[in-house]
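Visitor: based on what follows, work out the 3D shape:
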Amino acid sequence: MKNKTFWIFALLTLSIISIAYSYTKFTNDKAEKTVAECHETPTNLESEFKPTVENKFKPAEKTPKGMVWIPGGEFSMGTNVEDESLCSIKGVTKDAAPIHRVYVDGYYMDETEVTNEEFEKFVKATGYVTVAEQKPTKEEFPTANEEDLVTGSVVFTPTPSAVNLNNFLQWWRYEPGADWRHPEGPQSTIIGKEKYPVVHVVYEDAEAYAKWAGKRLPTEAEWEFAARGGKTGNLYAWGNDLKPKGKFQANIYQGHFPIKDGDTGEDGFKGIAPTKQYAPNAYGLYDIAGNVWEWVHDWYSVDYYKSLAESGKVTRNPQGPDAYYDPSDPSEIKRVHRGGSFLCTDQYCTRYMVGTRGKGEIRSAANHVGFRCVKSK
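Guide: Here you go, the predicted structure:
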């Protein structure tokens, strides 16, 4: 093993897996709450939301293939649900408060997350090599042994039995040889998974693809406006019930997290799913919640929403803060993630709630993070 402890902790720091989660102590009594209790809609959910006002303009030209038109307009952004889940784990989504008014211009957005098939076309056309496929250098990790500087990425690894959820290192590992072509490690493949979202991409990988495709990454405001689908103040992209008519609307985790075979697959999938397996939102966007996290343009700053709200103005086309700021991990450079993933669960992380946020160190990849693109009119 030699210096494997260093390598695991260098690449499995909280900044890497902050990929979305804030970490709070989980107690057994919370775990035993029923699904109905965990997803009870707060009584004040819509009290701070003002109506969404969509722009009326629609382009005359044909919509680019694989994209949908998002009209833009003015809306209330953020959430007033301050629990990580609705099971009384307090304070974890405060970075998504307070609710504030934002205006965005219209734009086109990819109807799905970028797939393996689409990313492969980019790689074949350009010869691009993702960060996970590049050998780490001594400059990046000066104290590492040379034999530990190997290509790879972070992979979710279920635990043999139930664990306390206050230590994420129990279910994440650095896997040598894991990358977008080999999502679980060197013996895995994406053959037959062409329509699955590409994963193990860091921010610069997503940005490079977007530039090649003549697109860009969405701002956080654009992403949330699109995810809300013109609706006002909903808890989820599809409404306020997690399972309308008893049916799941997104690929998330059901069962006991994070144990082996703990995901029951009640939503139809255990683990990552192909795109377009659930109904789209009102704007025609698939998998805007769950499946994989999505990189967006903005730097992550824990108090950014607070600064916008305090201006007392409607912020027009916000591009995010000028600098990153995460007091829980101040040395790491982070951008925002949105949408949650197939690992989100009411036991630990409910960031499939449409107004909530995630975060990730910009050169850290994992097997539950991807992206989608937008294009300005």
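
Visitor: just give me how far stretch 287-306 sits from the chain centre.
Guide: Average the C-alpha atoms of stretch 287-306, do the same for its chain, and the two points are 6 Å apart (CA atoms, centre = their mean, to the nearest Å).

Visitor: so for that stretch, mean pLDDT?
Guide: Mean pLDDT, taken over the full extent of stretch 287-306, equals 97.

Visitor: so residue 307 belongs to a helix, correct?
Guide: Yes. Assessed with DSSP: H, G, I helix; E, B strand; the rest coil, residue 307 lies in a helix.

Visitor: how about the residue nearest to residue 155 when sequence neighbours are not counted, phi and psi?
Guide: In space, not counting the residues next to it along the chain, residue 155 is nearest to residue 175; the distance is 4.3 Å by CB to CB, 6 or more residues apart in numbering. (C-beta placed from N, C-alpha, C; glycine too.) Here is the backbone geometry of residue 175 (degrees, to the nearest 10): phi -110, psi 110.

Visitor: go on, residue 294?
Guide: For residue 294, the backbone dihedrals (degrees, to the nearest 10) come out as phi -130, psi 130.

Visitor: how about residue 359?
Guide: On the backbone of residue 359 - angles per degrees, to the nearest 10 - the values are phi -160, psi 150.

Visitor: pretty sure it contacts residue 338?
Guide: No. Residue 359 lies out of contact with residue 338 (CB atoms under 8 Å); the separation is 10.0 Å.

Visitor: which residues pair with the residue nearest to residue 155 across the strands?
Guide: residue 153 (DSSP bridges).

Visitor: report how many residues lie close to residue 194.
Guide: 12 (other CB atoms under 10 Å).

Visitor: I figured residue 80 was touching residue 94, is that so?
Guide: No. No contact is recorded between residue 80 and residue 94 when judged using CB under 8 Å, the distance being 10.3 Å.

Visitor: in terms of packing, which of those two has more residues around it?
Guide: Relative neighbour count places residue 80 above the other of residue 80 and residue 94, with 19 against 16, counting by other CB under 10 Å.

Visitor: apart from its chain neighbours, what residue comes closest to the more buried one?
Guide: Spatial nearest neighbour of residue 80, excluding adjacent residues (CB to CB, 6+ apart): residue 48 at 5.2 Å.

Visitor: now do the contacts for that neighbour.
Guide: With contacts defined as CB atoms under 8 Å, 6 or more residues apart in numbering, the neighbours of residue 48 are 76, 80, 98-99, 233.

Visitor: a strand runs through it, doesn't it?
Guide: No. Residue 48 sits outside any strand when classified using three-state DSSP, being coil.

Visitor: circling back: the residue nearest to residue 155: how many residues sit nearby?
Guide: Per other CB under 10 Å, the neighbour tally for residue 175 reads 24.

Visitor: ok so, going back, now, the most widely separated pair of the contacts of residue 48?
Guide: 98 and 233 (13.3 Å; CB to CB).

Visitor: so between those two, which is more surrounded?
Guide: A direct count of neighbours by other CB under 10 Å for residue 98 and residue 233 places residue 233 higher, at 21 against 15.

Visitor: please report how far the residue nearest to residue 80 lies from residue 282.
Guide: In this structure, residue 48 lies at 21 Å from residue 282, with CB to CB, to the nearest Å as the measure.

Visitor: again with residue 361
Guide: In this structure, residue 361 and residue 282 are 33 Å apart, going by CB to CB.

Visitor: what's the answer for residue 80, then?
Guide: Distance from residue 80 to residue 282, by CB to CB: 22 Å.

Visitor: swap in residue 317?
Guide: When distances are taken as CB to CB, residue 317 and residue 282 turn out to be 22 Å apart.

Visitor: swap in residue 300?
Guide: Counting by CB to CB, the separation of residue 300 from residue 282 is 28 Å.

Visitor: the more surrounded of the two?
Guide: Remark: of residue 300 and residue 282, residue 300 carries more neighbours, 27 against 12, as counted by other CB under 10 Å.
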